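> output the structure for:
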Amino acid sequence: MNKDIMVCGVGGQGTVLASKIIAAAAMREGNTVHSAETIGMAQRGGSVTSHIRVGEQSYSPLVPPGSADIIIAFEPSEAVRNIAYLKAGGIAVVNTSPVRPVTESLHNTGYDGSKMVEFLKENCSCIFVDSDEINEKLGSAKFFNVFLLGVLAGSGKSGIGKDSLTAEIKKFVPEKFIDVNLAAFEAGYEKGTEFNADK
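Here you go, the predicted model:
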């Protein structure tokens, strides 16, 4: 399998953990994997982008612009910031709920993510998920990253098996949180099947 995947969001959303689970699951299936993170401000709330390159065709860990098969965006403005990496025919899984930056809090610019979502609708193929709605159902925002992995798996777009992802979730999350994370993954998987043309 050859697949380029990017995971982007802001510090504190669990993007790095999500990218590690994807990379480990791809390796579990016998694939060669390169991965790297590019991190903005070294603090909670800074931009974080992870690159995951699966397959023998990848000779460096960074996804070239216009080459990503999949972008998983935990925040709408981060999706727009990275959309140039998405290839023609690629797909973005996007959280529509914004994370308001410090500058917004100081200047009240009215940022609510809606213009970003409209831009994405017009410029790429997207699966949209509202984290505010999902987090209320899950009881916490801490499991939304694993929920998005479930959406990706259910959509059938990643080429990585459900069993491989759940096995790595069990390895990466603390034992006392395994069950709730697996429940979040299953909820995401069910949501993702709505976008799976093969189902």
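> what bridges to the residue nearest the centre of the chain?
Nearest to the mean C-alpha position of the chain, by Cα atoms, centre = their mean, lies I72 at 2.9 Å. I72 forms beta bridges with V7, V93, as assigned by DSSP bridges.
> quick one: it and G30, what's the gap?
22 Å (Cβ to Cβ, to the nearest Å). Yep, even glycine has a C-beta here, placed from its N, CA and C like the rest.
> V63: neighbour count?
If you count neighbours by other Cβ atoms under 10 Å, V63 ends up with 26.
> any idea where the helices of this protein begin and end?
15-28, 76-82, 102-107, 114-123, 131-138, 144-155, 162-172, 178-192 (DSSP state H).
> now the first one - C-alpha only, PDB.
Taking Å, rounded to 0.1, in the frame of the first residue of the first chain, the C-alpha atoms of helix 15-28 are listed here in PDB:
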ATOM      1  CA  THR A  15      -3.100  14.900  17.100                       C
ATOM      2  CA  VAL A  16       0.300  13.500  17.700                       C
ATOM      3  CA  LEU A  17      -1.200  10.400  19.500                       C
ATOM      4  CA  ALA A  18      -3.600   9.900  16.600                       C
ATOM      5  CA  SER A  19      -0.700  10.000  14.100                       C
ATOM      6  CA  LYS A  20       1.300   7.500  16.100                       C
ATOM      7  CA  ILE A  21      -1.600   5.100  16.200                       C
ATOM      8  CA  ILE A  22      -2.100   5.400  12.400                       C
ATOM      9  CA  ALA A  23       1.700   4.900  11.800                       C
ATOM     10  CA  ALA A  24       1.900   1.900  14.100                       C
ATOM     11  CA  ALA A  25      -1.300   0.300  12.700                       C
ATOM     12  CA  ALA A  26       0.200   0.600   9.200                       C
ATOM     13  CA  MET A  27       3.400  -1.000  10.300                       C
ATOM     14  CA  ARG A  28       1.500  -3.800  12.000                       C
END
